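Peer 1: Kindly return the folded structure for what I paste below:
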Amino acid sequence: MHQRKMKLRSSIIFICILAYVNVTAFSEELSAYDVLEKYDLPVGLLPQGATGYELNEKNGQFTAYLNGTCYFSVQSYELKYKSTIKGVISKGKLAKLKGVRVKVELLWLKIVEVTREGDDLQFSLGVASAVFSVDSFSESPQCGCGFDCNNLSQNGHVSSL
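Peer 2: This is a model prediction of the structure:
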């Protein structure tokens with residue numbers, strides 16, 4: 001009888017520990033921004049409000065989801081993010097990127113790859129590229145206003161679509 005009580009008590013303790021581990025693991029689920037940081041990329045590559053993501057750690061397939069299409073301006077650049085952004089993520093690199101465009105002159109061009117090289121990020125448009133400081137992407141821009149949300153009346157984009 002005493003041995004049976006000990007087994008029962010051990011079983012209850014084991015179940016409690018198992019439940020605690022599962023609750024802790026569930027509460028520590030990563031966000032899309034956490035995934036970027038895990039791969040040594042800055043959070044500002046995605047605008048605020050990412051609603052979720054999918055990641056295949058075996059092949060690096062990464063998909064991030066937004067509430068809708070997102071437009072905003074940063075410095076002299078206009079950017080457009082579709083509601084679904086896809087690519088292949090690896091340490092310091094987002095390749096085969098789909099769903100992000102930048103307006104250059106009068107043309108909307110696809111950003112196809114982002115590569116971190118030390119303290120710089122190189123953005124490839126396929127035929128051309130541009131380099132910016134990683135520090136410029138330490139914060140996520142907001143759909144509709146980028147980083148200039150206090151001057152909405154001067155910015156033609158007031159919300160995500």
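Peer 1: any chance you could map the helices in this structure?
Peer 2: Using DSSP state H, the helices assigned to the chain run over residues 2-27, 32-38.
Peer 1: residues touching T63, list them.
Peer 2: Y53, E54, L55, T84, I85, K86 (CB atoms under 8 Å, 6 or more residues apart in numbering). Just so you know, the C-beta spots here come from the backbone N, C-alpha and C atoms, and that holds for glycine as well.
Peer 1: Let's have these in CSV, adding neighbour count, distance to F147 and pLDDT.
Peer 2: Below are those laid out as CSV (neighbours: other CB atoms under 10 Å; distance: CB to CB, whole Å; pLDDT from 0 to 100):
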residue, neighbour count, distance to F147, pLDDT
Y53, 19, 23, 97
E54, 13, 28, 97
L55, 17, 27, 97
T84, 13, 24, 98
I85, 24, 19, 98
K86, 16, 25, 98
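Peer 1: any idea which of those residues is closest to D148?
Peer 2: Closest approach between the contacts of T63 and D148, by CB to CB: I85, at 22.3 Å.
Peer 1: can I assume E113 is in contact with G92?
Peer 2: No: E113 is not in contact with G92 according to CB atoms under 8 Å; the separation is 11.3 Å.
Peer 1: When those two are compared, which one has more neighbours?
Peer 2: With neighbours defined as other CB atoms under 10 Å, E113 and G92 compare such that E113 has more, 18 against 15.
Peer 1: mind giving me CSV with the contacts of T63 and columns for distance to D120?
Peer 2: Converted to CSV, the contacts of T63 look like this (distance: CB to CB, whole Å):
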residue, distance to D120
Y53, 25
E54, 28
L55, 25
T84, 27
I85, 22
K86, 24
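Peer 1: Out of those, which two sit at the greatest distance?
Peer 2: The distance between the two most remote of the contacts of T63 (CB to CB) is 13.9 Å, for L55 and T84.
Peer 1: Nearest to G44, out of the contacts of T63: which one, please.
Peer 2: For the contacts of T63, the nearest to G44 is I85 (13.7 Å; CB to CB).
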